[in-house]
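Visitor: here is the input, now give the coordinates:
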Amino acid sequence: MRGDDYGSILLGSAGETALRQRVRIQTLLTFCLIVANAIGVSIALALVLVGIPDPPVLVEKLWWVNFIALPIYVSTAFVVGIAGCTVLAVGRLQWNIHEREPTRAEAMRTQRLPWTLTTFQAMLWFVGLVIFTIAYGVLEPALIPKIIFVFGLAALVVVSIGYILIELTLRPVAADLITYGYGRRKRSGLRARWVLAWITGSAIPLVGILLVGLFGVFRDETTKIELFVGVVVLAVVGLTTGPILTILGSMSIVGPIRTMQKAFNRVSKGNLDADVVVYDGTEVGDLQAGFNDMVTGLRERERMRDLFGRHVGHEVAEAALAGDPELGGAERTVASLFIDVIGSTTLAANRSPTEVVGLLNDFFAVIVDEIIEHDGLVNKFEGDAVLAIFGAPIALSNPAGSALAAARGIADRLPEAVPEISAGIGVGYGPVVAGNVGAIERFEYTVIGDPVNESARLSELAKRDPRRPLASQRTIEAALSTESGAAEVRLWEELDAVTLRGRLEPTVVFGGIPGPAPRPDADRRGERRIEGRSAGSAPVRSRP
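Guide: Numbers count the residues shown, from 1 in each chain. So this is what the prediction gives:
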């Protein structure tokens, strides 16, 4: 997880401990309440003392209200507000504190927590409005409209700023609720946030300016300077609260968008583990959830693509995904490599099925590794046999040379990698029909032609000496077309002419020259010699 899982580094990451998250949330809640109320008190003082100076409050008969009652109430309200909100938050978040799934009733109370805490703060301001309207009004009735307006405006600013800050602070809790299936109901939440910001930051200051203007027009005692100062102070209040609320409102959108932007960048680079934390119950939350659904779909598509590639070969899979695969095929010239296990019946009789499967998987791992290394395609597994193709569906400059090299590599590695299993390896070459065979509902990519049969017959013959893979003369001749193929041919020697089963004419057979005994501390494939290997076995003779 990252440090901006909730749209702000102040909120931490989704991977931090529950205790640390609780401490963080409580600290931020306290700070937000202090900030919101401090802004409200500042606005109230500015309006009372400067913005609406007439009638004045700094008169001798009001000293006890100004310097005793007001400071005591403000201090008490701060303490009660913070303590009360802490108690309310802890009570509503018991399920989160004990790290358990909330009940529906607990989830509903938690969803209403921002409004509950904001309402608690509004009640403290309302009580103050009533107390000081009465206190000032008893001694100076002309102050009643002024006190009501000032306390009302300050209270609305506190409520607006406090609500937005509290909602931002509780994002980790909202994310937990959404994880448990709650919290996705506020479909007009963004509109409500912006309307609230506009009312408090723009509409109310403008109404105040209008009232000051009307008050100056209908009150002869109001001078132009007083009217000018009142308008300026209210304009400053609007210019101050407006940006604050706009910035706070934009944070609820910009934070999630930036988080998703970073996640999009990770997805574009191939990282599909880029889920974002869904913590918003508004339209932004729908966007977050939609992004996660998209990434989940991409992961599933990639998993299916990989699984498809494992079944049919990645080259075949890429070709199928690139277009609309159809039944039928085209003639291609390829090399065919066939590997068949020796004594598979005995192997199955003497070992448990689990052991046999494990050995076969190790056996196939060596084969697949060598075939892929030499740009071949593992076309199919036929029980304990493997058919590989070189030159289709991806064309190779020298498919015969690649198949010969893969055959020798397999023969060299098997005795060390899987000593319990030996196999006959045959290589054929020639034209085949390569394409999709089957029915439109279910088909597979395969090759059909004499080289496949030839490689299968040679693998049977090679079982006499599994150290030596066998290849037909035309495979050897085809490999000579390139320099690398010619180098590979030097590691093969002519053995005999054999009439393969199902054929009338004899086939000249070549055998790979066995390599030296592998050393455990060396990379055997990196130590193959190009020339100078001994034959190591007698020529293959045909049976009548």
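Visitor: now the helices for the stretch 101-250 of the chain?
Guide: Remark: helices assigned in the stretch 101-250 of the chain by DSSP state H, counting those that start in this stretch are 104-111, 113-139, 144-169, 171-179, 189-198, 204-218, 224-268.
Visitor: need those in a markdown table (columns: mean pLDDT).
Guide: Written out in a markdown table, the entries for those read as follows (pLDDT from 0 to 100):
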| stretch | mean pLDDT |
| --- | --- |
| helix 104-111 | 86 |
| helix 113-139 | 89 |
| helix 144-169 | 83 |
| helix 171-179 | 82 |
| helix 189-198 | 69 |
| helix 204-218 | 70 |
| helix 224-268 | 74 |
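Visitor: what is the least confident helix or strand in the chain?
Guide: The helix or strand of the chain with the lowest confidence, counting by mean pLDDT, DSSP states H and E, is helix 314-322 at a mean of 52.
Visitor: coming back round to it: Throw the helices of the stretch 101-250 of the chain into JSON lines and include distance to residue 83, thanks.
Guide: Where C-beta positions appear, they are placed from N, C-alpha and C, glycine not excepted. Putting the helices of the stretch 101-250 of the chain into JSON lines (distance: least, Cβ to Cβ, whole Å) gives the following:
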{"stretch": "helix 104-111", "distance to residue 83": "19"}
{"stretch": "helix 113-139", "distance to residue 83": "11"}
{"stretch": "helix 144-169", "distance to residue 83": "16"}
{"stretch": "helix 171-179", "distance to residue 83": "20"}
{"stretch": "helix 189-198", "distance to residue 83": "26"}
{"stretch": "helix 204-218", "distance to residue 83": "29"}
{"stretch": "helix 224-268", "distance to residue 83": "24"}
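Visitor: so which of the ones you listed is nearest residue 78?
Guide: With Cβ to Cβ as the criterion, residue 78 lies closest to helix 113-139 of the helices of the stretch 101-250 of the chain, at 8.9 Å.
Visitor: the longest strand in this protein is where?
Guide: strand 423-439 (DSSP state E).
Visitor: report the buried residues of the very next helix or strand once past it.
Guide: Downstream of strand 423-439, the next assigned helix or strand under DSSP states H and E is strand 442-448. Taking 16 or more other Cβ atoms under 10 Å as the basis for neighbour counts, the residues of strand 442-448 that come out buried are 445-447.
Visitor: for residue 345, which residues are in contact?
Guide: For residue 345, the contact set (Cβ atoms under 8 Å, 6 or more residues apart in numbering) is empty.
Visitor: mind listing what's buried along the strand or helix carrying it?
Guide: Applying DSSP H and E as the criterion places residue 345 in helix 344-350. Judged by neighbour count using 16+ other Cβ under 10 Å, the buried positions of helix 344-350 are 344, 347.
Visitor: one more: stretch 121-133?
Guide: For stretch 121-133, the neighbour count (16+ other Cβ under 10 Å) marks 121-122, 124-125, 128-129, 132-133 as buried.
Visitor: cool, stretch 263-273 as well?
Guide: When burial is assessed from 16+ other Cβ under 10 Å, stretch 263-273 yields the following buried residues: 263, 267, 272.
Visitor: now do stretch 26-35
Guide: For stretch 26-35, the buried set under the neighbour-count rule, 16+ other Cβ under 10 Å, comprises 26, 28-30, 32-33.
Visitor: kindly report the same for stretch 80-91.
Guide: Buried positions in stretch 80-91, judged by neighbour count with 16+ other Cβ under 10 Å: 81-82, 84-85, 88-89.
Visitor: likewise stretch 348-366?
Guide: Under 16+ other Cβ under 10 Å, the buried positions of stretch 348-366 are 356, 359-360, 363-364, 366.
Visitor: next, residue 334: secondary structure please.
Guide: Here residue 334 is recorded as strand under DSSP: H, G, I helix; E, B strand; the rest coil.
Visitor: same question for residue 330.
Guide: Three-state secondary structure (criterion: three-state DSSP) places residue 330 in strand.
Visitor: and it, what does it touch?
Guide: Shown here is residue 330, whose contacts under the criterion Cβ under 8 Å, 6+ apart are 433-435.
Visitor: and it, how close does it get to residue 392?
Guide: Spatial separation of residue 330 from residue 392 under the definition Cβ to Cβ, to the nearest Å is 9 Å.
Visitor: tell me, what's touching those two both at once?
Guide: The contact sets of residue 330 and residue 392 overlap at residue 434 (Cβ under 8 Å, 6+ apart).
Visitor: show the backbone phi and psi for residue 504.
Guide: The phi and psi torsions at residue 504 (degrees, to the nearest 10) take the values phi -100, psi -30.
Visitor: in helices only, show me the buried residues of stretch 26-35.
Guide: 26, 28-30, 32-33 (DSSP state H).
Visitor: return the member of those residues nearest to residue 454.
Guide: Set against residue 454, the nearest of those by Cβ to Cβ is residue 28 (75.7 Å).
Visitor: can you list the buried residues in stretch 393-402?
Guide: When burial is assessed from 16+ other Cβ under 10 Å, stretch 393-402 yields the following buried residues: 393-394, 396, 398-402.
Visitor: got it, and stretch 473-483?
Guide: Under the neighbour-count criterion of 16+ other Cβ under 10 Å, stretch 473-483 has 474-476, 478-479, 482 buried.
Visitor: and that stretch, how far out from the chain's middle?
Guide: Centroid displacement of stretch 473-483 relative to its chain, using Cα atoms, centre = their mean, to the nearest Å, is 49 Å.
Visitor: again with stretch 118-126
Guide: The gap between the average C-alpha position of stretch 118-126 and the chain average comes to 42 Å, counting by Cα atoms, centre = their mean.
Visitor: need the contact partners of it.
Guide: Residues external to stretch 118-126 that are found in contact with it (Cβ under 8 Å, 6+ apart): 33, 36-37, 40, 77, 80-81, 84-85, 88, 151, 154-155, 158-159, 162-163, 166.
Visitor: extract the C-alpha trace of it and format it as PDB.
Guide: Taking only C-alpha atoms (Å, rounded to 0.1, in the frame of the first residue of the first chain), the coordinates of stretch 118-126 have been written out as PDB:
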ATOM      1  CA  THR A 118     -21.100  18.900  13.100                       C
ATOM      2  CA  THR A 119     -24.600  19.200  14.700                       C
ATOM      3  CA  PHE A 120     -23.000  18.900  18.100                       C
ATOM      4  CA  GLN A 121     -20.700  21.900  17.200                       C
ATOM      5  CA  ALA A 122     -23.700  23.800  15.800                       C
ATOM      6  CA  MET A 123     -25.600  23.300  19.000                       C
ATOM      7  CA  LEU A 124     -22.800  24.900  21.000                       C
ATOM      8  CA  TRP A 125     -22.800  27.900  18.700                       C
ATOM      9  CA  PHE A 126     -26.600  28.100  18.900                       C
END
